[in-house]
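Task: produce atomic coordinates for the following.
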Amino acid sequence: MTATSLLIRLAEDDDEFILSLVPRFVDFTLPPWRRRHECVEGIRNDLLRHLEDQPANSYLFVAEDVDGTRVGFIHLQRTADFFTGRSNCHISDLAVTPQHEGNGVGQALLAHAEDWAREHHCQLVTLAVFPGNERARALYEATGYAPDLLRLAKPVR
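Predicted coordinates for the structure are as follows:
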């Protein structure tokens, strides 16, 4: 599968396909203080809110193959850079169906995000990833993403 064989379109407000991929966001070792079911519920609720309410500066895109089969999605948000105040494009979510993983869908979605960011005069494309999500980290690093800020956490008991 190549980027040119994919159609990347805006999601529709009832695109249940997006919600069906939420378990992919916790399909790896989480930090010990994170509970899988809480992460799934939080991500699902956030995506549902963005699908239903379509808030400003939030854009969900679905990737389809030549047969119209949905193979992945990406959620972009236009944000202001803390340091410069300039616009950034933040990748809130990116997921590919298990059967299409490793076929270039993730790379195509990242390329779409970069094209979108250029069109919208963004300074950076940013994203966050769990340290244990080695599959996603490898994709991001292979496509030129590098650490910018490192967020650390410590449970308070």
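
and the helix or strand in which V62 is found, what does it pack onto?
Applying DSSP states H and E as the criterion places V62 in strand 58-64. Judged by 3 or more C-beta pairs under 8 Å, 6 or more residues apart in numbering; DSSP states H and E, the packing partners of strand 58-64 are strand 7-10, helix 16-20, helix 36-53, strand 70-80, helix 105-119. C-beta here means a position set from N, CA and C on the backbone, and glycine is covered the same way.

Pairing partners for that strand, with directions?
Next to strand 58-64 in the sheet, as set by DSSP bridges, lie strand 7-10 (antiparallel), strand 70-80 (antiparallel).

Out of these, flag the one nearest Q99.
strand 70-80 (8.3 Å; C-beta to C-beta).

pLDDT of that closest one, averaged?
Averaging pLDDT along strand 70-80 yields 97.

ok, now stretch 122-131?
97.

gap between it and the chain center?
Distance of stretch 122-131 from its chain centroid, counting by C-alpha atoms, centre = their mean, to the nearest Å, is 9 Å.

quick one: the strand holding V62 to helix 105-119, angle?
Put simply, strand 58-64 runs at 140 degrees to helix 105-119, going by axes from the mean of the first three to the mean of the last three C-alpha atoms, to 10 degrees.

Pull the residues that contact strand 58-64.
6-11, 15, 17-18, 47, 50-51, 70-78, 92, 105, 108-109, 112, 116 (C-beta atoms under 8 Å, 6 or more residues apart in numbering).

Including mean neighbour count, could the helices and strands packed on strand 58-64 go into JSON lines?
JSON lines is the format used below for these (neighbours: other C-beta atoms under 10 Å):
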{"stretch": "strand 7-10", "mean neighbour count": "14"}
{"stretch": "helix 16-20", "mean neighbour count": "16"}
{"stretch": "helix 36-53", "mean neighbour count": "14"}
{"stretch": "strand 70-80", "mean neighbour count": "21"}
{"stretch": "helix 105-119", "mean neighbour count": "18"}
